[in-house]
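> Sequence plus the predicted model coming up.
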There are 2 protein chains.
Amino acid sequence: MSALQLESKEQLSSRLVELEGIYEQYKQQGLKLDMSRGKPGPEQLDLTMGLLDCVNSREGYRTKDGLDTRNYGLLDGIPEMKEIFASVFEVDQSQVIVGGNSSLNMMFDFISTVYSRGILGNTPWCELKGVKFLCPAPGYDRHFAITEYFGIEMITIDMTPAGPDMEQVEKYVSDPLVKGIWCVPMYSNPDGITYSDETVKRLASLKTGAPDFYIMWDNAYCLHHLEFPGDKLLNLYNEAKAAGNENRVVMFASTSKISFPGAGVAAMAASPAVIADVKRRMSFQTIGHDKINMLRHARFFGSYENMCEHMKLHAAVLRPKFKVVLDTLEKNLGGKGVAQWNSPRGGYFVSVNLLDGCAKETIRLLKEAGVVMTPAGATYPYGKDPRDRNIRIAPTFPPIEELQVAMELFCICAEIACIRKLLGNA
Amino acid sequence: MSALQLESKEQLSSRLVELEGIYEQYKQQGLKLDMSRGKPGPEQLDLTMGLLDCVNSREGYRTKDGLDTRNYGLLDGIPEMKEIFASVFEVDQSQVIVGGNSSLNMMFDFISTVYSRGILGNTPWCELKGVKFLCPAPGYDRHFAITEYFGIEMITIDMTPAGPDMEQVEKYVSDPLVKGIWCVPMYSNPDGITYSDETVKRLASLKTGAPDFYIMWDNAYCLHHLEFPGDKLLNLYNEAKAAGNENRVVMFASTSKISFPGAGVAAMAASPAVIADVKRRMSFQTIGHDKINMLRHARFFGSYENMCEHMKLHAAVLRPKFKVVLDTLEKNLGGKGVAQWNSPRGGYFVSVNLLDGCAKETIRLLKEAGVVMTPAGATYPYGKDPRDRNIRIAPTFPPIEELQVAMELFCICAEIACIRKLLGNA
């Protein structure tokens, strides 16, 4: 197929008329489809329903150590759940804090702590002017939202197929006001990229101007392979420790997309010093998180190995959905030179780059026809994609038939937007 | 009985020798008793075991409205749980946010919000010097710990049988740097006092120097009567609204001592404007709290009325425990003029005031004999009881036989400490 750019104005205009006709037909269907968020589908949630029975009125509510999970106590979580997360993070159990149902909340709380009171004796960021954070983009909108909430200036770092552009990162971190970086190091949101060993090593050994520089290592998709064996990620903590920078690493994970998004278990891991200070704050904040829910998870999965095995069931549900997205993109937009996308080996998204200036218009056309997508720009700091080209597709939630319809329409809208752009009448 | 103060030095010395002998016998028993925290006993936790079965793999996981509680969504909680808490707070459902398992966490987050970013357009407290908070004492140590964590200066307000000394409160609040007050308005921790209607009205209509003055209304024991009908508390929100001060009221409650301390459901309520700003912050902080656990609670209790009825089962367990405490105090210390205490009609504590300067020594003696109590001073800001006289007794957790032993020993230790003080050899 020839690229659209090579076609004549007449060819493009005639193709546009054809597409607009098809678009109108879709519009009349009164669709109501939602591909806006990375939510698991109900068939995935069904995979862990047995978890709900793992603590009940007839069976024990005690941890292996005999602790009554119903009552107060255990600020940092029950031992059996710490053990599982210690394997997830590949660190010692003593470096793990098991939290509530939201790793996002743990990230927010971490930033809130260093902002308002500081840890490890560093100056709270609220007392400084001009604190900055590095934001590899496209990235996760909710990360950017946290730094924006605290008034932290965000610096966009380009993503490469190996992770954040490390030359840009290395350039910025000499500024002592650059205090950290957001990372989704495995099957990144939305690109599906797993950071290369070299990227991890360069992050671990960055020469930062700030003593309190934090790598917010959101390993949200660490077990979320679509193919097995999945990608391998180098352990950032070990690398940073070897480089004498262990206190810069703050790692997060959760079972939100392993068990239930609304009722999973989140955890964080960091150096002994950082964990001690986070626990100190926690001792003011709560008496402890939901231990009964931790026990449900520990019993249902039994071990880290079983949890990894369980992920194959998710993959079996998700592979056909990703295939629909990728096949439909290829069939309709392949070779036209107006769109490029990754074929992720895991995670929750397909990231599409259209011609510059075509993302917002595509999303608008989709919305008018009843398909809600993540807003264009959401994958960039301040919701502003400088080239207005990136769109995040979340294939996990809709049933496969709806996904097929939504993707056909997506391709039509994208092509309309791109042709209008090429014709100069966008 | 005559007061110890009236006895001769010889009489006191001889009584002291006798008590010290008994104390030594206790010591040799190698006791290991814990009366330090307001934890429900296991027999109370057994009362709601059925709750754990209310959402299971065979039964529905959907709210009344059909929402899948397993997935993401519903930032402020499921409607059926909001409905129950709306009755608890006596406000409209739209003014309720249902949270995670900890109302303490919601209080911490509220203070953290106004400290770091501010709400309703007010200046964040971190940008001000000398922010102060009023702390009626004796009070709840974890409240004071939150304000201390944020470096907020705490001003002790005396407690009266009708609540905080309102003349003191009214005097301090004209200072615009006085930003709020901690209150446990029903069956207060530790005094067991329910604020009088007049106290509530005066709080509602305080003329504060600060536009951002908050009454942190921790109604932790609102349903936790020991006798029925229980105390009645005037609705602070209604009073404040009538006085044009609705934005100063922030109310908290939880099922921690209704269902499970470790896995209950917490909630807050406030004016529409405050709730809107808190939700705005929450939208950065989390995608939502554990809705499955909310659904368990909503199904188990079914209604606010049933929940109130359920509290009679708790009261039946707790009444004999409180009776042991009060009877043992009366039998051993009654009329001796060295101790006074309240007879609470609800809540979780009995507060004892000894002779000035005798609380720490009593706690030390108890500890040496194997009984752990809340540290002396804990009920005051900065852990410092200026008269060193207040001790919080938490009768709920130990089995009744252990409680009996611990209380006998408590009275012995208290009398030893007081006699030593009277003899001038403390």
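Done, it's in. Owing to the predicted nature of the structure, the values given are computational and were not obtained by experimental measurement.

> From now on I want contacts and neighbour counts done on CA atoms only, so please keep to that.
Will do.

> so how far is A:Asn342 from the residue most central in space within chain A?
By C-alpha atoms, centre = their mean, chain A has its centre lying nearest to A:Asn189, at 4.1 Å. Applying C-alpha to C-alpha, to the nearest Å, the value for A:Asn189 to A:Asn342 is 12 Å.

> Please apply the same query to A:Asp46.
Applying C-alpha to C-alpha to A:Asp46 and A:Asn342 gives a distance of 29 Å.

> again, but for A:Asp92
The separation that A:Asp92 has from A:Asn342, given C-alpha to C-alpha, amounts to 35 Å.

> Checking the residue nearest to the centre of chain A next. Helix, strand or coil?
The three-state label given to A:Asn189 by DSSP: H, G, I helix; E, B strand; the rest coil is coil.

> which residues does it contact?
Contacts here follow C-alpha atoms under 8 Å, 6 or more residues apart in numbering or on different chains; on that basis A:Asn189 touches A:Pro138, A:Gly139, A:Tyr140, A:Gly347, A:Tyr348, A:Phe349.

> so the last one touches A:Gly38, yeah?
Yes - in this structure, A:Phe349 sits in contact with A:Gly38. The criterion is C-alpha atoms under 8 Å, and the distance is 7.2 Å.

> Which of the two has more residues huddled nearby?
A:Phe349 (24 against 20; other C-alpha atoms under 10 Å in any protein chain shown).

> Quick one: the helices in the stretch 301-426 of chain A, in order.
For the stretch 301-426 of chain A, the helices defined by DSSP state H, counting those that start in this stretch occupy A:304-333, A:359-368, A:400-422.

> whoops, I mixed them up, the stretch 151-300 of chain A
Secondary structure of the stretch 151-300 of chain A (DSSP H, counting those that start in this stretch): helices located at A:166-172, A:197-204, A:236-242, A:272-285, A:291-301.

> helices or strands up against the fourth one?
Where contact means 3 or more C-alpha pairs under 8 Å, 6 or more residues apart in numbering or on different chains; DSSP states H and E, helix A:272-285 is packed against helix B:103-116, helix B:141-149.

> The lengthiest strand in chain A versus helix A:141-149: what angle between them?
For chain A, the longest strand by residue count, based on DSSP state E, is strand A:153-160. Between strand A:153-160 and helix A:141-149, the angle comes out at 150 degrees (axes from the mean of the first three to the mean of the last three C-alpha atoms, to 10 degrees).

> For strand A:153-160, what does the pLDDT average out to?
Strand A:153-160 shows a mean pLDDT of 98.

> Which strands border it, and is each parallel or antiparallel?
Strand pairing for strand A:153-160, using DSSP bridges, gives strand A:132-137 (parallel), strand A:163-164 (antiparallel).

> just to revisit the earlier point, okay, the helices and strands packed on helix A:272-285 in TSV with mean neighbour count, distance to B:Arg296 and mean pLDDT next?
Shown next, in TSV, are these (neighbours: other C-alpha atoms under 10 Å in any protein chain shown; distance: least, C-alpha to C-alpha, whole Å; pLDDT from 0 to 100):
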stretch	mean neighbour count	distance to B:Arg296	mean pLDDT
helix B:103-116	22	18	98
helix B:141-149	21	28	98
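
> For those helices, could you give me CSV that also reports distance to B:Arg280?
Formatted as CSV, the helices and strands packed on helix A:272-285 follow (distance: least, C-alpha to C-alpha, whole Å):
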stretch, distance to B:Arg280
helix B:103-116, 11
helix B:141-149, 22
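
> where in chain A is pLDDT low?
Chain A contains residues with pLDDT under 70 at A:1-2, A:425-426.

> Go through the strands paired with strand A:153-160 and pick out the most buried.
strand A:163-164 (a mean of 28; mean count of other C-alpha atoms under 10 Å in any protein chain shown).

> so how far is it off the chain centroid?
Centroid separation for strand A:163-164 versus its chain: 14 Å, with C-alpha atoms, centre = their mean, to the nearest Å.

> got the contact list for it?
Here strand A:163-164 makes contact (C-alpha under 8 Å, 6+ apart) with A:Pro136, A:Ile157, A:Asp158, A:Pro185, A:Ile193, A:Thr194, A:Tyr195, A:Ser196, A:Thr199.

> contacting residues for A:Asp212?
The contact partners of A:Asp212, taken as C-alpha under 8 Å, 6+ apart, are A:Asn122, A:Lys179, A:Arg248.

> what does A:Leu206 give?
With contacts defined as C-alpha under 8 Å, 6+ apart, the neighbours of A:Leu206 are A:Glu170, A:Val173.

> do you know how far it is from B:His310?
Distance check for A:Leu206 against B:His310: by C-alpha to C-alpha, it reads 58 Å.

> again with A:Tyr221
Plainly put, A:Tyr221 is 43 Å away from B:His310 if you go by C-alpha to C-alpha.

> Now for whichever residue of the stretch 101-250 of chain A sits closest to chain B: which residues touch it?
The nearest approach of the stretch 101-250 of chain A to chain B comes at A:Asn105, 5.0 Å away (C-alpha to the nearest C-alpha). By C-alpha under 8 Å, 6+ apart, the contact list for A:Asn105 reads B:Gln285, B:Thr286.

> Please apply the same query to the one 4 residues further on.
Applying C-alpha under 8 Å, 6+ apart, one finds that A:Asp109 lies in contact with B:Gln285.

> if you set the cut-off to 10 Å instead, what comes out?
A:Ser103, A:Tyr115, A:Ile146, A:Val278, A:Arg281, A:Met282, B:Asp109, B:Ser112, B:Gln285 (C-alpha atoms under 10 Å, 6 or more residues apart in numbering or on different chains).

> From those, pick the one nearest B:Asp231.
Of all these, B:Asp231 sits closest to B:Asp109, with 29.5 Å by C-alpha to C-alpha.

> Find residues that contact each of A:Asn189 and A:Asn342.
Listed as contacting both A:Asn189 and A:Asn342 by C-alpha under 10 Å, 6+ apart are A:Phe349, A:Val350, A:Ser351.
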